Structures are given as C-alpha cells and as structure tokens.
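Participant: Would you be able to build a 3D model of this:
(3 chains)
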Amino acid sequence: MQSIDIFGQIGLNHYLILSALLFVTGMAGVLLRRNIIVLLMSIELMLNAVNISFIAFGKYMNQLDGQILVFFVMTIAAAEAAVGLAIAVNIFKRYKEVNIRFFEHLKG
Amino acid sequence: MTADIFLFWLLASVTLLSGVGVVLVSNPIYSALCLAMTMVGVSAIFATLGAYFIAGVQMIVYAGAVMVLFVMVLMLFDLKTEIATFSRGRISGAIKIAIVGLLAGLIAGTFAMTTTIAGKPETKEKAGHAAKSLGELLFTKYVFGFEALGVLLLIIAIGVVGLARSKGGTHAKH
Amino acid sequence: MNHSLLMSILILSPFVGFLINGLRYKKHNYLVAGTIATSAVFISFISAVFLVVDLVGLPPDSRRIAVTFFEWIRVANLSVDAGFVVDQISAIMILIITGVGSLIHLFSVGYMHHDKGVAKYFAYLNLFIFNMLLLVLGDNLLVMFVGWEGVGLCSYLLIGFWFTDETKAAAGMKAFVTNRVGDAAFLLGMFILFLTFGTLNFSELNALVPAAAETSWLGAITLGTLFLFVGATGKSAQIPLYIWLPDAMAGPTPVSALIHAATMVTAGVYMIVRLNPMFMMAPNTMMIIAIIGAATAVMAATIGMTQWDIKKVLAYSTVSQLGYMFLACGVGAFGAAMFHLMTHAFFKALMFLGSGSVIHAMHEEQDIRKMGALKKYLPITHFTFLLGWLAIIGIPPFSGFFSKDEILWMSFHSPLGHPVLWAAGALGATLTAFYMTRLMCLTFWGASRVPKGTHPHESPITMTIPLVVLGVLSVIGGWIGIPHIVSDFLGHLPNVWEEWLHPMIKEVPNMGPADASLEWALIATSVGLASVSALVAYHMYVRKPGSASRVADAMGPAYKIVYNKYFIDEAYFAAIINPLVKGSRALWYYVDVNFIDKCTYWAADVAKGGGALIRSLQNGNMQQYAMYIGIGLVVVLSILLMR
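Facilitator: As a prediction, this is how the structure comes out:
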C-alpha cells in the first residue's frame, strides 16, 4: 500500500471527503434545527456538497457530464428554495412563527 | 506546499467552518451570512477544479439570487435570535448526532482508506473552450433534460406565485 | 277446478290474511280485522271442501291429490319438494282445521272485541292456520317439520299474547322451551329415518318399510319412531312433556280452543297415523306409545278432578283425551285415533268456547268456586256445553261414545293391546265422567256462588253461532263411525269412517275374530262406570255440596299431591332446570368471563400495546422521519462496507 502524504498532495479523495463532511453538516442542520428557513439553508448546503463531488469526479474522470448535472442540480435547488420559502411565508402568515413543529400536523 | 495545496486547505476550512456556522448559529441572519460564505467557498473550489463556468453560475445563482431570496424572506419576517434553536428531545437529539457522526465517519473513512481511483486529470483546458463544449453537451446530449427543466421552472414559478397569494392553503379562512 | 290452484288458495288464503292483518297491526277495529281473518279461513275451508269432494269422486284405492309446487332442497341424495298431498288422512285434518278454525275465528270476533291488539291477534291466528295446513298437507317430514315449528311459534305468540302479564309471558316461554325438547327428538328421528331409508317422503317411507316387524330395541325403525314419538309427546302434551299445556291456558280462550284442543296438540297423533306402516313395524315403540298414552289419560284425569280453574280442568281433560288417542295408536287402532281426534276436536273446541263464553259473561273470572247456577243466565251456552259434556263422558249416541268405545275395545281386543290397558282406559273414562260432571255442576247447576256486582249475560250472536254449530257436530259427529256390532244391532248402518280410512291404515296382524258378547260387555262396563261416576259427582256437588271437601280431607296427603299436579313441575325444576341454570352460570363465570374473555382481552391488549408502540414512531415530526432515513442510510452503508 502506497503511503500518501495527505497534506502534500491533493487528490480526488480530498474533495470527496470535503463533500461528505459538508453534506453531513447540512444533514445535521436538517435534523436538528427548528427554524424552517435555516432548515432550507441546510438543504442548500447538502446540495452544494453533492455538487462538489460531481465537479471533482468530472475533473478526475475527464468528463463534462458532471458539470451538466451540477447545472441541473442548481436549477432544481433554486426552484426548491423558492417553493420552500413560499411555504415558509404561508406558515409565517398563519402562525407568526416559522417553526418546524407546525409541520407536525402532517401526522395522520 | 504548492499554492494549489494551500488553496485547497484554505478553501476547505473556510467552507466547512462557515457550513458548520450555518447549523450552529442561533440567529438566522448570521446563518444566512454563513451560508453566503459557504457558497462563495464552494464556488472557489469549483474554480480550483477547473469548472470556471459552473463557478460563475454558482456565484450568480446561489450567492446572488438564492441568498437574496433567503435574506429577503428573513427581512420580511423580522426574525430575532431564536429562543430554542434546536428541536426538543434529548434521546432523539443524541441519536441524530450519532447518525451524523457515524455517517461522516463511514464516508470519510472509506475514502481515506481507498487509494485514488481516478487517473490523472487533464492538463489545463481553456476556460472558454470548456464553456463551449459544456454548451454543446447541454444542447445535444442533455437537450431533453434541459427542456424539461425549463418546463419545471415555469410550473414552479406559477406555483410559487399561487402559493404566496393564497391565504393559508387547506386551512383557508375566507 | 284445477287442483294446484285450489291447493294454493287453501294454503295461501290464511297467509294473505296474516299479511293484511299483520301489516295493519296498530288498528283497533275488531270488526274489520275479524272479518278479514274469518273470511280468509273460510275461503280456505271452501277450497278444502272442493278438494275433498274431488277426492271422494276418485276410486277408493287411488284417492290422493298431490301437488308439487317446486323443488325445495336438493343436496347430494337429499331431495325435498315443496309438495302437498290431500289424501284420506289429511282430508279429515284440513276439514277440521279450516272448519273448526272458521268457527273459532268467528267466536273470536265477539270474544276479543275489547282487546287493543285485535289485529295482531287475528294475524297470529291466521298464521297459525297457515302453518297447521303446511303441517298436515306436507308430503314429507321436512315440510311437516316447517309447519310443526310454525305452529309452535304461533302457539308461543298466542299463549303470551297478553305479554304484559309476566306469568302469561312465562307460560308462553314454557310452552316454547318444552316444545323445543320434543322438536329436537323429532329432528333426530327424522335423521335416523333419512339415514336408513334415504328419503323423507311419507309415501316412499311407508313403501320402504320392511315386511317383518323389528323386534330389536336398537333397530333403526324402532329408534327412529321412538324419537318421532318423543317429538309427538312434546307437541301433543303427553308424559313427560305435557307440563306446558295447562299453563298454556294463559292465552285467550279461543286460542285454547283452536290450538290447544282441536288442532295443534293433535299434530303428534296425526304424524303417527301418517306413518302408521312404519310404527306398526316397531312393536316396541307401539308398546311404549300405548303405555304412555294410557298413563297420561289416567294421570291427567286425576289432576283434572282437583282443579278449580275452569280452563285448567279443560286443559287436563285435553291432555287426558290426547292420551286416549295415543293409546289407540299404540294398540294399532289408528282409525280409532283419527276418529277420536275428530270428535274430540268438536266437543273440546265446543267446551273451550263455552268456557270462553262463561268467562266472558263472568268478566274474566275463571274460578269455578265463584260460579254456579249459570244455567238461567246463559241458556245457549249451557245447552251446548251440556251436549259437549254428554259427548266427552261417552253417553251414547253422542260422538264421544263411539270414538272412545272404539279405542277401549281395541285396547282390549287388539294383539298389541292388553286388559291392563283397557282397565286404565276405563278408569280414565270413569274419572273423566267425574270431573266433567263436577265442572258442569259447579258452573251451571247447583247454588249460585256468583259474587255480588257480577251480572252474567248471554254472549253476542257471533259467539253463540259457533257454539251451536259445534254442539250439533258433537252430537252427530260420531255417527259416521258406528262400530260393527252396534250397526248390526241397528240394522246394518255403514261404517263410513272405516271404509274411508281403510286404504291408508295398515291392519294389525293376527287380529282375532271379534267376540260380540265380550264387546257388548265392555261397552256396558265403560258406559255404566261413566254413568255411575257422573251420578256420584252430581250427588257430591249438587245434592250435598259439602261432601266433596270432606272426601278431599279424608284423602289427606293423596289429595294434596294430586291437587299440586304430582309436583311434576317442581321435580323438573329440581332435577333438570335448576342444575342446568346453575351449571350454565358456573360455565359462564369460570369459562366465559374468567377464561375466554381474559384471553381475548389479553390478545386485544397485546395488539393495542404494539399499535401504541409503533404509533409513537409516526408522530408527525418531520425531523424524526428524516432521522429514520438517516438510520437506514447508516445501516445500509455499514452493511455494504462491512462486506
């Protein structure tokens, strides 16, 4: 097994680990925060983390398809943010607060 | 330590720190600012990976449009520092943190254990050339996805307008 | 006219009457309800007459009008048709049922005019006629059983007609439950016969009976007929299941006349006569029937001597007379049984209606100690009752004489009979004469004991017409079956009855030649005994009114036992009903409540607890759901990476 100096040379693995950590951070936000807007921000964080993986793979595979996917993901993310915020606005109008617990009405 | 390596570590630490900030800071405005910082960092990472066009788009769409949207909504709500930042439940909170940690450990550990799977990256490409081939790919191979995305955006635009105008959805009181 | 059309009118006319009156059960107009019901039964009677006239027109050996409406059940080798037959036996029955039924309906119009549920009453009465017709016309045991159950139901409904009175409702219940015991046995008998012969059709069953008599006690025919007979004891109030009939007097009096004297209670006799070739081949069963019949006749008569309720006396009299019919069946005199069935239907219906008239006149008073000297107030009732009395105690030439004498003669003379059976029958006849005379004396003759404030009055014409008609029938009804020696004496009068029934009745084998002098002697003995007994009763209750109670006192405990009906009800309660109730209660408490219920509760609790546990996962908290996704992700990734 070749020993790699992790500080001396940057490879695909570095980017993937960065992506994973960022993704997990976003996930923690989704799981733990109560404010819906912060929740949406955390989701953006997760999407961005995935984007990093795509670009990194694209570069190390010599393919542009990764960038195309990032393009799509960004579009979807923007749309999702718009819808999510619209819902947040509605909830705020009704309860004067944007707390995830208002979604507990979802239970059957 | 070359500039590339230094740049990576710098950007990675900035991005991660501001990402953690998004999650931990209790005032949503600061969260939003942290998120903007993360976006910029990610955009810069894209640039180091040679995806200049995407990096630009990232700056414009995320750090620009989406962040403006967030901040505007926050301004609209006039939110202050929250009293209860995190959701209730000690046991479920512990489980959630454990899950997050485990997941991070699993993924990162796996990547750290494996050797590099990809070959050497191509030598530098011209930025304009890359944007051009990206455009060609978008309008040939992915043209249907692209068009579908356009339709989706249209629908979402209409839907969001409708949603914003409605007075409470199914709980509507007239 | 078309036979199937006539048959449908015969059967369905009372049913239509039932539907009409049943649907307008809230109406209180007794005239309308009574007219509908009476005309429904009368239409039935007319079609019955038409059918019987057609039947008489046929040659004697093929007298049988069979109509099959549809195939009712067909499962494997069980095939049952909704088939109805008018032959010599059922012809008599339908004439009695619809004829006497019409008269009793007419009587009811007057009797029930003050009752609130009069439409309901007539609806039940019509339903009863319908079911009774099913019973007698059915050409197989199953259709008969439908009618058998139907009349039981109507009997229950009508006994408990005044159900707001708890004792009357209880009497209805008692009749129903007691009949259930018999019906279960009837079903068992049916099963055994079907298992043995593979059919339930009467004519097929009678044709399949082996030629040799079955001597074994456990043979199929003996067992089957025994079970059928137990069913008959339930319906026809014989030992051991007779206990419901006296209580059944709680119903309206016309009901007692129709159901508990003339028709339903004779269903058991009818069933045995219908299957007489079968019963004839089971001499053991026949012996038991004869013994039970004779015992019932004597025992019920003794109880009848001590009762004070006018209807109870008549009820025990009915049980006793039914005992005679079974005695006749048991000694193979099926013709005599049917004959007595018919004459009994006339005079007992007459007496019940007469008692109804008395009760009506006395404003619902049934205790004969509070009557007496009603002769002058109720001339028509008295006169017709007198005819019934003469008929039942067997004074020639009234109808009861011929039928009872035939039975007594056969019980002596038939190879299946025995002098002891004859002696029991004669004793029963003596006792009958005594208690019926006692009833006459206490009710109509002697000194008046009517309480002040009661003003007896003769009944309206709708009630007296049936009395008169039945009175005439009670006198002349016996003339169609005059015994040979009497007819020889009178100059060769034809015995219409015997000729009529002859093709349907299996002869008793080894019947010896009749000894004329012996028969005359027996007739003289029974008539003499009855007359003496009647005179004694007259002496005791009219000439010297106090002597009866002195005799009763002298008898001491024996009188007490008889007065309390031999404590049979109490014995049943102690031996069967109370242990059953206690056992059921114990089963209910220990098995049902403490075991089965607990088990089900436990299962329910497990399901509920499990549900609550899983429900807590579905709390609607979105982040919790996301957590589940995360858990799944970690698990799947771990598994993938561990490999």
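Participant: For residue 100, which residues are in contact?
Facilitator: Because you didn't say which chain, this covers chain A. A:33, A:34, A:35, A:36, A:39, B:87, C:621, C:622, C:623 (C-beta atoms under 8 Å, 6 or more residues apart in numbering or on different chains). For the C-beta atoms, the positions are set from N, CA and C on the backbone; glycine is no exception.
Participant: looking at chain C here, not the other one
Facilitator: Applying C-beta under 8 Å, 6+ apart to residue C:100 gives the contacts C:258, C:262, C:263, C:345, C:346, C:349, C:470.
Participant: Next secondary structure element downstream of the one helix or strand it maps to?
Facilitator: Per DSSP states H and E, residue C:100 falls inside helix C:88-111. The first helix or strand that comes after helix C:88-111 along the chain, using DSSP H and E, is helix C:118-137.
Participant: so where's chain B shaky on pLDDT?
Facilitator: Where chain B drops to pLDDT under 70, the residues are B:1, B:79-85, B:115-129, B:167-174.
Participant: Where do the strands of it begin and end?
Facilitator: For chain B, applying DSSP state E gives no strands.
Participant: thinking again about what came up before, between the contacts of residue C:100, which is closest to chain B?
Facilitator: residue C:258 (70.3 Å; C-beta to the nearest C-beta).
Participant: count of neighbours near the closest one?
Facilitator: Residues lying near residue C:258 (other C-beta atoms under 10 Å in any protein chain shown) number 32.
Participant: contacting residues for the closest residue in space to it that isn't next to it in sequence?
Facilitator: Spatially, and ignoring its direct neighbours in sequence, residue C:258 is nearest to residue C:104 (4.4 Å; C-beta to C-beta, 6 or more residues apart in numbering or on different chains). Residue C:104 sits next to C:125, C:254, C:257, C:258, C:262, C:349, C:353, C:466 when contact means C-beta under 8 Å, 6+ apart.
Participant: In helices, which of those fall?
Facilitator: Using DSSP state H, the subset of these located in helices is C:125, C:254, C:257, C:349, C:353, C:466.
Participant: Counting neighbours, what do you get for the fifth one?
Facilitator: I take that to be residue C:353. There are 35 residues near residue C:353, going by other C-beta under 10 Å.
Participant: How about the third one?
Facilitator: The criterion is other C-beta under 10 Å. On that basis, residue C:257 has 32 neighbouring residues.
Participant: Quick check: closest non-adjacent residue to it.
Facilitator: residue C:352 (3.4 Å).
Participant: Test my guess that that neighbour contacts residue C:259.
Facilitator: No - judged on C-beta atoms under 8 Å, residue C:352 makes no contact with residue C:259 at a distance of 10.1 Å.
Participant: which of these two has more neighbours?
Facilitator: Ranked by neighbour count (other C-beta under 10 Å), residue C:352 and residue C:259 place residue C:352 first, with 30 against 26.
Participant: about what we covered before: can you say which two of the contacts of residue A:100 are spatially most distant?
Facilitator: A:35 and C:621 (15.0 Å; C-beta to C-beta).
Participant: In terms of neighbours, single out the busier of these two.
Facilitator: A count of neighbours by other C-beta under 10 Å puts residue A:35 above the other of residue A:35 and residue C:621, at 26 against 19.
Participant: For that one, give me the pLDDT.
Facilitator: With respect to pLDDT, residue A:35 scores 84.
Participant: Residues in a beta bridge with it, which ones?
Facilitator: Listed by DSSP bridges, the beta-bridge partners for residue A:35 are residue A:99.
Participant: For the stretch 401-550 of chain C, give the residue positioned nearest to chain B.
Facilitator: Closest point on the stretch 401-550 of chain C to chain B, by C-beta to the nearest C-beta, is residue C:462, at 74.5 Å.
Participant: Near chain C, which residues of chain B are found?
Facilitator: By C-beta under 8 Å from any C-beta of the partner chain, the residues of chain B that approach chain C are B:87, B:92, B:95, B:96, B:99, B:100, B:102, B:103, B:106, B:107, B:110.
Participant: Which members of the residues you listed occur in helices, if any?
Facilitator: B:92, B:95, B:96, B:99, B:100, B:102, B:103, B:106, B:107, B:110.
Participant: and the residue nearest to the fifth one when sequence neighbours are not counted, what helix or strand is that in?
Facilitator: To tie it back to what came earlier, the one meant is residue B:100. Nearest residue to residue B:100, sequence neighbours excluded (C-beta to C-beta, 6+ apart): residue A:28, at 4.5 Å. Using DSSP H and E, the element containing residue A:28 is helix A:12-32.
Participant: just checking, what packs against that helix?
Facilitator: helix A:36-61, helix B:3-24, helix B:28-48, helix B:90-113, helix C:622-642 (3 or more C-beta pairs under 8 Å, 6 or more residues apart in numbering or on different chains; DSSP states H and E).
Participant: how many degrees apart are the longest one and helix B:3-24 in direction?
Facilitator: For helix A:36-61 against helix B:3-24, the angle by axes from the mean of the first three to the mean of the last three C-alpha atoms, to 10 degrees is 160 degrees.
Participant: quick one: helix A:36-61 near chain B?
Facilitator: Yes - residues of helix A:36-61 are located near chain B by C-beta under 8 Å from any C-beta, namely A:37-38, A:40-42, A:44-45, A:48, A:51-52, A:55-61.
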